[in-house]
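Student: Please find the sequence and the predicted model below.
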Amino acid sequence: MLPFHTVPLTLRPLEAADAPGMLALDSYPAVHRYLGGIGGPAVTELAQSAAVIAAIQAQYAAMDLGRWAVLLRETGAFVGWAGLKRVAGPINGHRNFYDLGYRLRPPFGGQGYGFEAAQAWLNQGSETLRLPRICAYADAKNLASCRILAKIWLARRQRV
């Protein structure tokens, strides 16, 4: 799949050169606040970010999908990541689904970029890739993510 754009964003596969941006993202403790342990602790070294990118690139090779870099289209600044990945599960009683996820650096929060990236990936998954099922989940206390998911019309369901 080729990189694609929204008006403010460029979405493309993560590259090794994105490691400093990933470090900037994952070094914020606030970014890990609602991940419930799935995101691990805040990252402190560039090598850790490089390893995360390598693991995501392995997902690309295995499944042709994964989290992609989110960049400001105008400047190329690394905003965070977003994308779809196949999940075997079980998560909340669900198996074999595509998970829509996103994570943004705090300086870029509250500007609509999370919504832009999530909507773009939902469109890619449903219209371009014709995936059979796309799910997303957010901690109920993460009001920003809950608003994004509601805004892109993903149905809200309680944890099983």
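Tutor: On my side now, so go ahead.
Student: Tell me who's in contact with residue 11.
Tutor: Residues near residue 11 by Cβ atoms under 8 Å, 6 or more residues apart in numbering: 3-5, 68-71, 82-83, 117, 120-121. For glycine as for every other residue, the C-beta is placed from the backbone atoms N, C-alpha and C.
Student: how about the helices in this structure?
Tutor: Using DSSP state H, the helices found in the chain span residues 19-26, 46-63, 113-123, 143-151.
Student: Out of those helices, the one nearest residue 102 is which?
Tutor: Nearest of the helices of the chain to residue 102, taken as Cβ to Cβ: helix 113-123 at 5.1 Å.
Student: So which other helices or strands are in contact with the closest one?
Tutor: If you count contacts as 3 or more Cβ pairs under 8 Å, 6 or more residues apart in numbering; DSSP states H and E, helix 113-123 packs onto strand 9-13, strand 78-87, strand 97-104, helix 143-151.
Student: and the longest one, what other elements does it pack with?
Tutor: If I follow you right, that is strand 78-87. strand 9-13, helix 19-26, helix 46-63, strand 66-72, strand 97-104, helix 113-123.
Student: okay, those, which one's buried deepest?
Tutor: Among the helices and strands packed on strand 78-87, strand 66-72 has the highest mean neighbour count (mean count of other Cβ atoms under 10 Å), at a mean of 23.
Student: tell me which residues of stretch 130-138 are tucked away?
Tutor: Residues of stretch 130-138 classed as buried: 131, 134-138 (neighbour count, 16 or more other Cβ atoms under 10 Å).
Student: what's the answer for stretch 69-83, then?
Tutor: Neighbour-count burial for stretch 69-83 [16+ other Cβ under 10 Å]: 69-71, 78-83.
Student: Can you pull out the residues in contact with it?
Tutor: Applying Cβ under 8 Å, 6+ apart, the contact partners of stretch 69-83 are 5-15, 18, 20-22, 24-25, 65-68, 100-105, 108, 113-114, 117-118, 120-121.
Student: check contacts around residue 52.
Tutor: By Cβ under 8 Å, 6+ apart, the contact list for residue 52 reads 22, 26, 43.
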